[in-house]
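In: kindly return the folded structure for what I paste below:
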Amino acid sequence: MEGFFFVFLLFELLWFFTFLAGTYLLLKVIYLITKASLLKNRAFKIIISIFVAISAAIAFNDKHWYFNDLQLPLLLCLVFTTTIFFVKPKVPKQG
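Out: Next up is the predicted model:
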């Protein structure tokens, strides 16, 4: 019985660290989108971040997660859109 618990705990930790790695990569993509000088329109960046957040919530949301189907996408949208407002892209000066 202890061996089964150890294997179960190992799979739980593997799933958790996979989720953290995916979240980190997603945040990195959002940061690079906000930093890109091609996307100067803030509303366009917010729409992209909401789309990516909902896509990530659908990808990460399974029966194992403790949020219900609506709370996780709303939480991710809230986090990413507030990140958009506080991260100011550095645009190089020309001339």
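
In: so where's this protein uncertain?
Out: Residue ranges of the chain with pLDDT under 70: 1-3, 30, 33-49, 52-78, 80-95.

In: remind me, longest helix of it?
Out: What stands out as the longest helix in the chain, according to DSSP state H, is helix 2-35.

In: from the contact counts, what lies against it?
Out: helix 42-60, helix 71-86 (3 or more CB pairs under 8 Å, 6 or more residues apart in numbering; DSSP states H and E). For the C-beta atoms, the positions are set from N, CA and C on the backbone; glycine is no exception.

In: what's the local residue count around L26?
Out: Counted with other CB atoms under 10 Å, residues neighbouring L26 total 19.

In: how near is it to F11?
Out: According to CB to CB, to the nearest Å, L26 stands 22 Å off from F11.

In: with T18 instead?
Out: As judged by CB to CB, T18 and F11 stand 10 Å apart.

In: repeat that for Y31.
Out: 30 Å.

In: neighbour count: these two, which is higher?
Out: Counted by other CB under 10 Å, Y31 and F11 do not tie: Y31 has more neighbours, with 14 against 10.

In: could you measure from the more buried one over to W15?
Out: Distance from Y31 to W15, by CB to CB: 25 Å.

In: then L32?
Out: 26 Å.

In: and what of K28?
Out: 20 Å.

In: these two: which is more packed in?
Out: Between K28 and W15, counted using other CB under 10 Å, the more crowded position is W15 (13 against 10).

In: count the neighbours of F51 for me.
Out: F51 has 12 neighbours, counted by other CB under 10 Å.

In: how near is it to V29?
Out: In terms of CB to CB, F51 sits 12 Å off from V29.

In: what do you get for F5?
Out: 36 Å.

In: same drill for those two, tell me which one is more crowded.
Out: Taking other CB under 10 Å, F5 and V29 do not tie; V29 has more neighbours (14 against 9).
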